[in-house]
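Participant: quick one: sequence plus predicted model below, questions after.
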Amino acid sequence: MAHDSTRNYDNGTSSKSGSGSYGSGYGNGYGSSQRDYQGSYGDYGSGHNGKGGHQAGNSTTSALIAGAAGFGLGLLVLAGRKAAFQAPTYAAGDWFEGLKAEHRAARKLFDALAQSSDEDHKKRGTMLMELQYAISKHNIQEEYVVYCVLAEMGQADVAEGLNADHFELKQGLFELEMIVKEQRGGFADKLAEVREAFESHVREEEEEAFPTLQASLSDEQKKMLTNRMNREGFKVA
Ligand SMILES: [Fe+2]
Ligand SMILES: [Fe+2]
């Protein structure tokens, strides 16, 4: 697809509003999605207050209200947890820097897993779950935002190759999970194999694909891509 330098990846500060541009495609849709989150929290709040005022004194209603309050609080806690999980990426201030920070964080989890004991299956399983969680959020940000933009900017083949790497990585993590679950041997060798696949993939991203993409974006597009990616991360964090 031809490179359209007027395209934007978010609606926040878009100066383009023509149909078919990312200003109206990614941008408006995403902005609406964010407003929907806020609206949902508001709706839970008003529903709870309305019932409370209308049927005070009824024990069943009181129990429902308590339940609704708990549910609302649960959503707030969930939003807080999501925000906390996305915070280091957001704080990096740039999509590429954010992804590099996540690569470094994943390396630490790989290192910790490599130090884990063959005897402590439970702890190893928990650590593996943390790595799967971190990589899955990271990969969704790349697959649903960054690789799509990469393809739009004329690097579809590269994006496809990186997508295929993600599938292999998922498969490797799944095999590790099965080794832990079935308490089989061979964890260290498999982990080393998965780690090497991860490092090779990250090298391609950090040294080739992403610098090329970054160089092709305007400052405004970089900002929009950064926002778009962070929102995707927040959704799945
Ligand atoms: Fe990736
Ligand atoms: Fe990555």
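Facilitator: Received the coordinates, thanks. Ligands and ions are numbered 1, 2, ... in the order given.
Participant: roughly how far does residue 97 sit from residue 183?
Facilitator: To residue 183, residue 97 is 40 Å away according to Cβ to Cβ, to the nearest Å. Any C-beta I mention is one placed from the backbone N, CA and C, and that applies to glycine too.
Participant: and residue 171, by the same measure?
Facilitator: Distance from residue 171 to residue 183, by Cβ to Cβ: 20 Å.
Participant: so which of residue 97 and residue 183 has more stuff around it?
Facilitator: residue 97 (14 against 11; other Cβ atoms under 10 Å).
Participant: how much space between the more buried one and residue 214?
Facilitator: 10 Å.
Participant: check residue 197 too.
Facilitator: From residue 197 to residue 214 the distance is 24 Å (Cβ to Cβ).
Participant: with residue 142 instead?
Facilitator: Residue 142 is 14 Å from residue 214, by Cβ to Cβ.
Participant: likewise residue 76?
Facilitator: 36 Å.
Participant: same thing with residue 171?
Facilitator: 29 Å.
Participant: neighbour count winner among the two?
Facilitator: A direct count of neighbours by other Cβ under 10 Å for residue 171 and residue 214 places residue 214 higher, at 15 against 12.
Participant: per-residue pLDDT, that one?
Facilitator: Note on residue 214: pLDDT of 97.
Participant: how many residues are close by the residue nearest to it when sequence neighbours are not counted?
Facilitator: Sequence neighbours aside, residue 96 is the residue nearest to residue 214 in space, at 5.4 Å (criterion: Cβ to Cβ, 6 or more residues apart in numbering). For residue 96, the count of nearby residues is 20 (other Cβ under 10 Å).
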